[in-house]
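>>> Sequence and predicted structure, then a few things I'm wondering about:
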Amino acid sequence: MTKDSKIYIAGHNGMVGSAIFRDLSKNGYKNLLTIKSSELDLRDQKATNSFMSQNKPDVLIIAAARVGGILANDTYPWQFLYDNLMIEANLINAAHQNNVEDLIFLGSSCIYPKLAAQPLKEEYLLTGSLEPTNEWYAIAKIAGIKLCQALNKQFGRNYISVMPTNLYGPGDNFDLKTSHVLPAMIRKFHEAKVNGNLPVTLWGSGSPMREFLHVDDLAEAVRFILEYGNKPGVDLINAGTGEDLTIKKLAGIVQQVVGHEGTINWDTSKPDGTPRKLMDVNRMKNLGWSASIGLEDGIKQTYQWFLDHINEFKQVEING
C-alpha cells in the first residue's frame, strides 16, 4: 500500500470504519473510497460486483457488518448470520474478481471457543464450541476468515483477517437494546446520574473478564499491517491490549468517570456470556505494534463524545 493507493473502506460510517477513515486521512492517505449503505446494499451481490468493477480499488478494508451485544445477537440470530455472511462473501469475492491486491477483513474475538485456554491464540480457531449467545455472529465471521484463507491457498492472495477484542470509542452504539457492554454502561450510569443518582442494574454477576481496545488503536493497527506488508502465511492476527479486567471492575471505572454516585445492582438471572476473553497479541507485538490508549483515558474520551452527541441519540429515539 502506498499513499496514492485507492482504498475502499466498506462500512466507513460505523465506529470502526470511521476511525480507520480518520487515521488514514491523518496519515496522508487521500485517495479514500466510500459509499453510504443507502446507496449500496452490500448484501446484493450484483450491486457489489458492479461497484467494485467500476471503481477498481487497490485496497479493501471490510469494516461493514451487523454488530451488537449479547441481547441483539440472541434476539436477531437470522439477521446476524445472514447479513454478515452476505456482506463479507460479496466483498471478498468482488475483491478477488477485480484483483484487489490488499484486503483486511475485520472480525471479532467471539470466533474463538467459549472455553478455550487463555489468552486466546490464533491457532485456537475451530478447536471447540462457541459461546451460544453470539454464535450466529461468530459463525459468520469464521466464514469470512475461511473465505480469505481459501483464496490465499488456491489463488495466492495475501488477504488478512484481523480479530479485534472488544472495541469502544467515538461513534459507538449507545442504544441499550443493541449496544455492547461498555457503551451500555456509559449510558446507564449517565441517565441514572442526571435523574438523581438512581440505582443502576447491570446484567450478570460481574465476574466475567473482558479486554477492551480503543477503536483508534485498532485503526492504527490496520494501517500498520497494510504499511508493513504481511508476512507470507500469516493470515489471521489478533488485535488487542493483552490485558483484561472483570466486568465489575469495568463498571466501577465507568461509574467514576461518569460521576454516578448511586448503587449498582447485578441481575444474575441474565447471562454472563463467555467467562473470559483475553487475546494473545504476540503476533502483532512481534510485527512491532502495540496499543497505546489506556482504558480510563479511553473511557473519558468516549464519555465526552457521548455528551457531545447526546441530543442526536434522543432525536433518533423520538423518531423511532
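That came in fine, so what should we check first? Numbers count the residues shown, from 1 in each chain.

>>> Which residue ranges of the protein form helices?
Listed in chain order, the helices found in the chain under DSSP state H are 15-26, 45-55, 70-75, 77-97, 135-155, 181-194, 215-228, 247-258, 282-287, 295-308, 310-319.

>>> just so I know, which of those helices lies nearest residue 234?
Closest to residue 234 of the helices of the chain, according to Cβ to Cβ: helix 282-287, at 6.7 Å. C-beta: built from backbone N, CA, C; applies to glycine.

>>> picking that back up, adding mean neighbour count as columns, could you present the helices of the chain in CSV?
Formatted as CSV, the helices of the chain follow (neighbours: other Cβ atoms under 10 Å):
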stretch, mean neighbour count
helix 15-26, 20
helix 45-55, 15
helix 70-75, 19
helix 77-97, 20
helix 135-155, 19
helix 181-194, 21
helix 215-228, 21
helix 247-258, 19
helix 282-287, 15
helix 295-308, 17
helix 310-319, 10
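
>>> For residue 205, which non-adjacent residue is spatially closest?
Excluding its sequence neighbours, the residue lying closest to residue 205 (Cβ to Cβ, 6 or more residues apart in numbering) is residue 268, at 5.3 Å.

>>> Likewise for residue 103?
Residue 103's closest residue in space is residue 159 (Cβ to Cβ, 6+ apart), at 4.1 Å.

>>> For the one you found, list the residues it contacts.
Residue 159 sits next to 92, 95, 102, 103, 104, 105, 148, 151, 152, 235 when contact means Cβ atoms under 8 Å, 6 or more residues apart in numbering.

>>> between those, which is closest to residue 218?
Using Cβ to Cβ, these come closest to residue 218 at residue 104, 10.7 Å.

>>> give me the number of residues near the closest one?
The number of residues packed near residue 104 is 24, by other Cβ atoms under 10 Å.

>>> distance of it from residue 226?
7 Å (Cβ to Cβ, to the nearest Å).

>>> now do residue 61
The spacing between residue 61 and residue 226, counted by Cβ to Cβ, is 8 Å.

>>> Overlap in contacts, those two.
Residues touching both residue 61 and residue 226 (Cβ under 8 Å, 6+ apart) are residue 104.

>>> What pLDDT is listed against residue 277?
Model confidence at residue 277, given as pLDDT, is 88.

>>> Contacts only, for residue 120.
109, 112, 238, 277, 278, 279, 280.

>>> Local confidence estimate at it?
On the pLDDT scale, residue 120 gets 97.

>>> any weak-confidence spans in the stretch 151-300 of the chain?
Judged by pLDDT under 70, the stretch 151-300 of the chain has its weakly predicted residues at 229-233.

>>> Now with 90, please.
Flagging of the stretch 151-300 of the chain using pLDDT under 90 yields the residue ranges 175-180, 228-234, 271-277.

>>> bridging residues for residue 167?
residue 213 (DSSP bridges).

>>> doesn't residue 219 make contact with it?
No: using Cβ atoms under 8 Å, residue 167 is not in contact with residue 219, being 10.1 Å away.

>>> Between the two, which contacts overlap?
In terms of Cβ under 8 Å, 6+ apart, residue 167 and residue 219 are both contacted by the residues residue 16.

>>> circling back to that earlier point, where do the contact lists of residue 104 and residue 226 overlap?
Common contacts of residue 104 and residue 226, defined by Cβ under 8 Å, 6+ apart, comprise residue 59.

>>> what's in contact with stretch 90-100?
Stretch 90-100 has contacts (Cβ under 8 Å, 6+ apart) with 10, 42-45, 48-49, 51-53, 56-60, 62, 64, 103, 105, 144, 147-148, 151, 155, 157, 159.

>>> hmm, 6 Å instead?
10, 42, 45, 48-49, 52-53, 57, 60, 62, 103, 147, 151 (Cβ atoms under 6 Å, 6 or more residues apart in numbering).

>>> Dump those residues to JSON lines, plus distance to residue 299.
Listed next are the contacts of stretch 90-100 as JSON lines, based on distance: Cβ to Cβ, whole Å:
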{"residue": "10", "distance to residue 299": "28"}
{"residue": "42", "distance to residue 299": "31"}
{"residue": "45", "distance to residue 299": "40"}
{"residue": "48", "distance to residue 299": "36"}
{"residue": "49", "distance to residue 299": "41"}
{"residue": "52", "distance to residue 299": "38"}
{"residue": "53", "distance to residue 299": "43"}
{"residue": "57", "distance to residue 299": "35"}
{"residue": "60", "distance to residue 299": "32"}
{"residue": "62", "distance to residue 299": "27"}
{"residue": "103", "distance to residue 299": "32"}
{"residue": "147", "distance to residue 299": "35"}
{"residue": "151", "distance to residue 299": "38"}
